[in-house]
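In: 3D, please:
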Amino acid sequence: MALYAVGDIHGCIDELRLLLDKVGFEPGVDELWSVGDLVGRGPHSKQVLECVDALGSSFRCVLGNHDLHLLSVLCGVKPANPKDRTELIHQGPERDYWIDWLRRQPLMLQDSHHQLAMVHAGIFPEWSIDQAQQLADEVSQILQQDDFIDYLAAMYHNEPHCWDNALSGHARFRFIVNAFTRMRYCSPPTPDHPLAMELSVKTTPCQAPDTLKPWFNFWPQLPITLVFGHWAALNGQSQRQDIRALDTGCVWGDRLTFFKLSEDRLIQQPAIAK
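Out: Have a look, this model is predicted:
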C-alpha cells in the first residue's frame, strides 16, 4: 500500500489521470490524499470530482478555498464566476450530491502511521497540531448543521486577523477557515500587537514586505511531515523537509505534483496545453 499526496488539481483531469497511471495507482490498495482546490480555473472540474469520488475510500481530501467557494455557489450564497469554469457542476443534476459531498470533507487530515498532517493553506502558528485538529473539527461540525449556509455567507471577510480563544460564532468560523484555506503570510508579534494573518499579499517571499513572513517560518521543527498546497508562487519550495509545499501551479501551465510518503519522493506531470 502506498500513500500519495497530490497538490492543487484545479480541474486538471488529464494531468491527474496521467499521474495515477504513472505511479500504477491501485484503488483499494493505495491511497491518494489531496491538499484541496480540486476545482476552479481549470477546464474539467466536474471530471475531477467524478474521478476522485470514484476512488471511494482510497481517496481523502481537505477543503481548499476554491472548494468552499464552489459550495457557496451551489448553495446560492455567491454567484458563479465564469473564470472558475464550474458551470457543469452548479448547472448539473447532481448539484445536491456535490453539496453533500463537499460538506463532508474536513479542513485537516492526519495519519499517525505515516506521521503526516495535511491542510490546504497552513496552520496558524499559535496553534498546536492537536488544537488545529480540534478547530478543524469544529468547522466540520458546523458544515453539518442546518444553518451552515449562514456561516458560508459570513465567510467572505479578512477579519479578524488575530486569534483569540474567546472568538465565537461567525468570527471564529471565519478565522479558522481563513487560516486553513487562505493564509500565506503572518506579521510577527510585537509588544503592542499579537501575531496576525495577512491575507492580501500573494507574492513570493522575496517580493513580500519585510514586515511579513511565510506562516511556516513561525513554526519550529516538527516531528511530523506537514503537507500543504494553495501557494503556487512558492513553486513547491518551502525550504523545509518537515513542511512540504505541493502546489506547483499545474492550472497556470507548470506541473502537477504527487508526493510519495514512503519514499519521500516527488512524481510530477507537466501541464498539458489547454
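
In: next one: the spatially most central residue of the chain relative to residue 37, how far apart?
Out: In the chain, the centroid-proximal residue (CA atoms, centre = their mean) is residue 120; its distance is 2.2 Å. Going from residue 120 to residue 37 by CB to CB, to the nearest Å gives 7 Å. Placement of C-beta: from N, CA and C, glycine included.

In: got it, and residue 201?
Out: Applying CB to CB to residue 201 and residue 37 gives a distance of 19 Å.

In: so which of the two has more stuff around it?
Out: residue 37 (31 against 13; other CB atoms under 10 Å).

In: any idea how far apart the tips of stretch 28-35 sit?
Out: Its start and end residues considered, stretch 28-35 measures 20 Å (CA to CA, to the nearest Å).

In: give me the buried positions along it.
Out: 30-35 (16 or more other CB atoms under 10 Å).

In: now for residue 120 and residue 37: what residues contact both?
Out: 64-65, 229-230 (CB atoms under 8 Å, 6 or more residues apart in numbering).

In: out of those, which sit inside helices?
Out: Counting by DSSP state H, those place residue 65 in helices.

In: tell me, how many residues neighbour residue 126?
Out: Residue 126: 17 neighbours (other CB under 10 Å).

In: same question, the one 4 residues further on
Out: With neighbours defined by other CB under 10 Å, the count for residue 130 comes to 9.

In: likewise the one 4 residues further on?
Out: In terms of burial, residue 134 registers 12 neighbours under the definition other CB under 10 Å.

In: so which elements touch the helix or strand that contains it?
Out: Using DSSP states H and E, residue 134 maps to helix 129-143. Using 3 or more CB pairs under 8 Å, 6 or more residues apart in numbering; DSSP states H and E as the contact definition, the elements that helix 129-143 packs against are helix 148-153, helix 169-181.

In: reformat those as a markdown table; add distance to residue 21.
Out: Shown next, in a markdown table, are the helices and strands packed on helix 129-143 (distance: least, CB to CB, whole Å):
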| stretch | distance to residue 21 |
| --- | --- |
| helix 148-153 | 36 |
| helix 169-181 | 30 |
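
In: tell me the most buried of those?
Out: Mean neighbours per residue, mean count of other CB atoms under 10 Å, is largest over the helices and strands packed on helix 129-143 for helix 169-181, with a mean of 21.
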